[in-house]
Structure formats: C-alpha cells, structure tokens
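**Q** can you look at this prediction? I've put the sequence above it.
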Amino acid sequence: MDSDKVLRDHSIKITKPRVAIYDILLSLEKGIDAEGIYSMCTDMGLFVNLSTVYRTLELFEEKGLISKYDLGEKKYNYSLKKGSHIHNLECVSCHRLLDLECPMKQIEELVSRETGFHLTEHRLELKGICSECMAKGRGNR
C-alpha cells in the first residue's frame, strides 16, 4: 500500500521522515524501538532528530496506525497494526462469545527480547463469567 495515501487517509501531513518511519515499520515483522528506527533512518541517509522519531511514533499511535508495547524499564517497542488478531472470550455459563484483541503481541516481544526466541504461533483460550450471568447469580459454575 502507498505510504503517502495511508498517512493522508489518517489526516497526517506528509513529510520525508514520517514516510520513512512508516515504511520502516511496514517492512518489519516484529517491533522496534525508537532508537532502532532512528538508526535505520540514518543508514538510509535520512538525517532526522531522535525527538522527531518519538513525535512521529506518538502521532502514529494517536492516529491508530501503530501499537506501543511496554517492555518494562521505560523501554518501548512499536509495530504497525497490520490487521487485527482476535481471540474469543467465552462465558462458561451462557456460552456467549466476545471478541478480544490479542494480548499476546507484547508477550511475544518480551520473549523475543529476553530469549531471542521468535514465536511462530500461539494458542490462547479465555473463559470466564459474563456480567449478565454474574448479575443473575450464575457466577459459581
């Protein structure tokens, strides 16, 4: 997809640094920190301030283009939202299903950073009691 069009569609002014940062995020399979993006921009011959990278990442996050993952110790990774990965949350009483955006991305980033292990798949099963069943006293099943 054309980076300029994506930015325009999200009411983001087109600048060389913004397009480059978007393209970098688009090219990666895993998250990256701001310093990594800054380094890649420099390697491409695009000299931007690190503060510009941070401001651009904040803007992209505000506009819903990227996800920001807290890795602890005031370290963050960023990745482009390339489509949602949904899990189901099932009520064990009435069996109603709710969609839940996958919470595993942050865990995958942590596993990769801490162990160097790249997860290729995961399974996450979530069950509980919905608020309606709790209100009806069905929460003890």
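**A** Everything's here; your move. Residues are numbered from 1 along each chain as shown.

**Q** now do the contacts for Ile14.
**A** Asp4, Leu7, Arg8 (Cβ atoms under 8 Å, 6 or more residues apart in numbering). Quick note: C-beta positions are derived from backbone N, CA and C, even for glycine.

**Q** SS state for it?
**A** coil (DSSP: H, G, I helix; E, B strand; the rest coil).

**Q** give me phi/psi at it?
**A** phi -80, psi 120 (degrees, to the nearest 10).

**Q** how far away is it from Leu97?
**A** 41 Å (Cβ to Cβ, to the nearest Å).

**Q** out of the contacts of Ile14, which is most surrounded?
**A** Among the contacts of Ile14, Leu7 has the most neighbours (other Cβ atoms under 10 Å), with 20 neighbours.

**Q** that's a strand at it, yeah?
**A** No - inclusion of Leu7 in a strand is not indicated when three-state DSSP is applied; the result is helix.

**Q** and the gap between the nearest residue to it once chain neighbours are set aside and Leu110?
**A** By the measure of Cβ to Cβ, 6 or more residues apart in numbering, the closest residue to Leu7 outside its immediate chain neighbours is Ile14, 5.6 Å from it. Applying Cβ to Cβ, the value for Ile14 to Leu110 is 34 Å.

**Q** helix/strand/coil for the residue most central in space within the chain?
**A** Residue closest to the mean C-alpha point of the chain, counted by Cα atoms, centre = their mean, is Ser67 at 2.8 Å. Following three-state DSSP, the label given to Ser67 is strand.
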